[in-house]
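J.: Predicted model and sequence below, questions to follow.
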Amino acid sequence: MKKITLDHITKIEGHARLFVKIKDGAVKKCSLKIFEGSRYFEGIVKGKHYSDLPDITSRICGVCSVSHTVASIKAIENAFGLKVSEQTQLLRELLIIGGVLQSHVLHLYFLVLPDYYGCSSAIELAKKDASLVKRALLIKRTANNMVSTIAARDVHPISAVIGGFTRLPEQSKLNGLIKDLRLIKSDAEQTIKLFKGLDYPDFKKESDKFALTGNSYFYSDKVISCKGNLCIQTNEYDKHFKEYFKSGSTAEFAWRKGKSYAVGALARLTVNKSVLSEYSKKIINDLDPDNPFHNNIAQAIELYEGIMQAIRILENLKLKNEKMKEVKVKACEGIGALEAPRGILFHKYKFNSKGICKFANITTPTTQNLPHLEQAIKEYLPCILDKSEEEIKLQIEKLIRAYDPCISCSTHFLDFKLERT
Amino acid sequence: MKPKLGIVSFTGCQGCQFTILFINDIMKYLNKFDVQYFHLMREKNRETNFDIVFVEGAITSKREVEKLKRIRAKTKFLVALGACATHGGIPAMRNFLENKELLTHVYNQKMLKDSIEAAPVSDFVEVDYFMYGCPIIKEEFIALTNAFLKKKEIKECETSVCMECPKRGKDCYLNKKTICLGAVTHGGCKALCLKDNHPCILCRGPIKNANFGVEIELFSKFGYSEDQIKSKIAKFYPKEHVKWHKRVLKRLKKDEKNNS
């Protein structure tokens, strides 16, 4: 029996391990284990006042803190029946796009690209080709600037709160942002070219793909669609997607009717083709939605799409001072759903008549993608078993990184173990 | 030779590492060091003899304790990075879950066998610098790394957020009967939340001799319920909250008795 271990997978968000057993050239066991320390978010928010939930749940994840904050705020507002202004909605949409740009650019250039250039890290990549890292830093700067202009900080937003914003961005800063976004448009196009040109394995893993649909690509929340044929109302998500705790892991894994499914950039592009720009529509024709490695290209397309949509919103945005909406406390429950960088994110809370949280369920994109990822590894392994152990490790890590798992979110890295006999 | 640097992450949201990566010319700063350990960025990571290590996250398992001690033994200058590492932060909230049922609520069956009470880094090893905040402040990271390279001494801010607050005086949240924890929270952040009209949430942890009793009494007088006050104080520094809360409740009850 041969075994290979990936002990603590690097360049992903969080801590995970992969254990693989091979017997007579066949995969006998393939198990993804998450060993990130548990923080019991759904437990610790119980007993907390509703007004403290966004600050706490933002800390589920440093890279998608924006998504958790806004999902939490939306769940609370939906619960108490609070309607916010159109301006607040638009600013939140910009915030979510900013979060997607932040996350995708880091993932593509810092975590994925070094693998394809034979480098250990972006630091080495910078020595090999400084222009690549320079481009990444430029996009990153604008994305961070976008989030901190709107929400006062690039990690763990401050001014985005229940009922609106504690302070509005200055119009001059928004104008500056439009200029910066126009400047990085060509960098996003270069990014698409770069990631389309990488040598990806010809591997297929068919799946149901789910994404939120509506008028907006990045900020719809009513209906969850699967390639256009199955529609689920957001408020019934927990009847369809079930989470299970996996023994030996501190993370949850989500399934639908006993089947794994996929969320994230590739799923969004597949489901929401109609609301894309003409440029992106043309490019996605070259994508294979069933090749998980193409999620990298999908993220590159979303960088472009995000920039274009943010420019469009900003060009039409004339800010006016508004009074913040206030909550009328009552016993209630509510769901907040949105597209986080890695896929659909749900926050669901129940409150008592004093506004104290009595129940919380938080379903993150990675929780939903983990079963699919684990199966994909199992199916991909036989294709590469003739290769050296080093090469197998590298290929598996490339596959894992293409899913962009965010382990802090699902517990919350990869140790890889392969056993061969 | 460039100093050897490590960024080691335990239990948390990794937001402090991202804050470091989000520094505009981050490559310039990292290039001043020989980065030996940084899981988020690098394939190969070595526990070597470090000149400086940033430890992120709370310590939540025996395995983490061992790793922390190993790294401390090889490190000249160790920085606790962010609220989880300096105070236990959000992960330490789990220590105060009211009952076992809550624990089972999230990950319904098994808990990791080697799990311990979530605790700050300084509970197990000596810390040379506490970088407070959730997340840390970029400028402080730059100031510290520059000082380290120039072999200059740098000290944590010891005064409260109030001392830096633009709302001191008539705009003070306490005058508006809004819960703000600036008076008991470590400064050094230039009161960035208050600048953006958000009350202080204690993310940098309590200053020395912080008088939570006075705060809790004040907030009760404002008309906030016990649950609300508890909810606000228990976020980044649950330990202190529990200690003070019991004491103050006892006194309030006594006062009530005397008055009646």
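T.: Done, it's in. Numbers count the residues shown, from 1 in each chain, chains lettered A, B, ... in the order given.
J.: What distance do you get for the closest residue to chain B within the stretch 251-400 of chain A to residue A:64?
T.: Nearest residue of the stretch 251-400 of chain A to chain B (Cβ to the nearest Cβ) works out as residue A:356 at 5.4 Å. C-betas here are computed from N, CA, C, even on glycine. Residue A:356 is 26 Å from residue A:64, where distance means Cβ to Cβ, to the nearest Å.
J.: Mind checking which of the two has more residues around it?
T.: More crowded of residue A:356 and residue A:64, by other Cβ atoms under 10 Å in any protein chain shown: residue A:64, with 31 against 20.
J.: the bottom helix or strand of the chain by mean pLDDT?
T.: Answering for chain A, as no chain was given. When the helices and strands of chain A are scored by mean pLDDT, DSSP states H and E, helix A:407-410 comes last with a mean of 51.
J.: I was after chain B.
T.: helix B:100-106 (a mean of 47).
J.: After it, which helix or strand is next?
T.: strand B:115-119 (DSSP states H and E).
J.: Enumerate the sheet neighbours of that next one, specifying parallel or antiparallel for every one.
T.: Taking DSSP bridges as the criterion, strand B:115-119 forms sheet pairs with strand B:59-61 (antiparallel).
J.: how far is the strand it pairs with from where the chain is centred?
T.: 15 Å (Cα atoms, centre = their mean, to the nearest Å).
J.: For the next helix or strand after that strand, name the packing helices and strands.
T.: Next helix or strand after strand B:59-61 toward the C-terminus (DSSP H and E): helix B:62-73. In terms of contacts (3 or more Cβ pairs under 8 Å, 6 or more residues apart in numbering or on different chains; DSSP states H and E), helix B:62-73 is packed against strand B:4-9, strand B:50-56.
J.: Kindly state which of those strands is positioned closest to residue B:38.
T.: With Cβ to Cβ as the criterion, residue B:38 lies closest to strand B:4-9 of these, at 4.6 Å.
J.: which of the residues in that closest one are buried?
T.: Burial within strand B:4-9, assessed by neighbour count using 16 or more other Cβ atoms under 10 Å in any protein chain shown, is assigned to B:4-9.
J.: what's the answer for stretch B:217-227, then?
T.: B:217, B:219-220, B:224.
J.: Any idea how far apart the tips of that stretch sit?
T.: Distance between the two ends of stretch B:217-227: 13 Å, counting by Cα to Cα, to the nearest Å.
J.: right, is that stretch up against chain A?
T.: Yes. Part of stretch B:217-227 sits near chain A under the criterion Cβ under 8 Å from any Cβ of the partner chain, namely B:225, B:227.
J.: what about that stretch, average pLDDT?
T.: Throughout stretch B:217-227, pLDDT has a mean value of 89.
J.: What number of residues are in the vicinity of residue A:152?
T.: 22.
J.: quick one: it from chain B, how far?
T.: Separation of residue A:152 from chain B (Cβ to the nearest Cβ, to the nearest Å): 4 Å.
J.: just checking, that residue touches residue B:192?
T.: Yes. Counting by Cβ atoms under 8 Å, residue A:152 touches residue B:192, with 7.3 Å between them.
J.: Now for these two: what residues contact both?
T.: residue A:158 (Cβ atoms under 8 Å, 6 or more residues apart in numbering or on different chains).
J.: Point me to the residue of chain A nearest chain B.
T.: residue A:62 (2.7 Å).
J.: which ones are touching the closest residue to that residue other than its chain neighbours?
T.: Leaving aside its sequence neighbours, residue A:62 sits nearest to residue B:15 (Cβ to Cβ, 6 or more residues apart in numbering or on different chains; 2.7 Å). Contact partners of residue B:15, counting by Cβ under 8 Å, 6+ apart, are A:59, A:61-63, A:65, A:155-156, B:82, B:134-135.
J.: and what of residue B:153?
T.: Counted by Cβ under 8 Å, 6+ apart, residue B:153 has contacts residue B:147.
J.: which SS class is it?
T.: Classification of residue B:153 by DSSP: H, G, I helix; E, B strand; the rest coil places it in coil.
J.: go on, residue B:236?
T.: Assignment for residue B:236 (three-state DSSP): coil.
J.: quick one: it and residue B:86 touch, right?
T.: No. Counting by Cβ under 8 Å, residue B:236 sits too far from residue B:86 to count as a contact (9.5 Å).
J.: Now the common contact residues for those two.
T.: Contacts common to residue B:236 and residue B:86, judged by Cβ under 8 Å, 6+ apart, are residue B:205.
J.: give me the number of residues near the closest residue to residue A:52 other than its chain neighbours?
T.: Nearest residue to residue A:52, sequence neighbours excluded (Cβ to Cβ, 6+ apart): residue B:231, at 4.8 Å. Neighbour count of residue B:231, defined by other Cβ under 10 Å: 25.
J.: Report all helices and strands that the helix or strand residue B:231 falls within contacts.
T.: Using DSSP H and E, the element containing residue B:231 is helix B:226-233. Counting contacts by 3+ Cβ pairs under 8 Å, 6+ apart, helix B:226-233 packs against helix B:212-222, helix B:238-259.
J.: same question for the last one, mean pLDDT?
T.: Same thing as helix B:238-259. Mean predicted lDDT for helix B:238-259 stands at 64.
J.: Contacts only, for the nearest residue to residue A:321 once chain neighbours are set aside.
T.: If the residues on either side of it in the chain are set aside, residue A:321 comes closest to residue A:168, at 6.9 Å by Cβ to Cβ, 6+ apart. Contacts for residue A:168 (Cβ under 8 Å, 6+ apart) come out as A:91, A:319, A:321.
J.: Now which of these would you call buried?
T.: residue A:91.
J.: Tabulate the contacts of residue A:168 in a markdown table, adding columns for distance to residue B:143 and secondary structure.
T.: Listed next are the contacts of residue A:168 as a markdown table, based on distance: Cβ to Cβ, whole Å; DSSP: H, G, I helix; E, B strand; the rest coil:
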| residue | distance to residue B:143 | secondary structure |
| --- | --- | --- |
| A:91 | 32 | helix |
| A:319 | 34 | coil |
| A:321 | 36 | coil |
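J.: Test my guess that residue A:289 contacts residue A:270.
T.: Yes. Here residue A:289 reaches residue A:270: they are 4.6 Å apart, a contact under Cβ under 8 Å.
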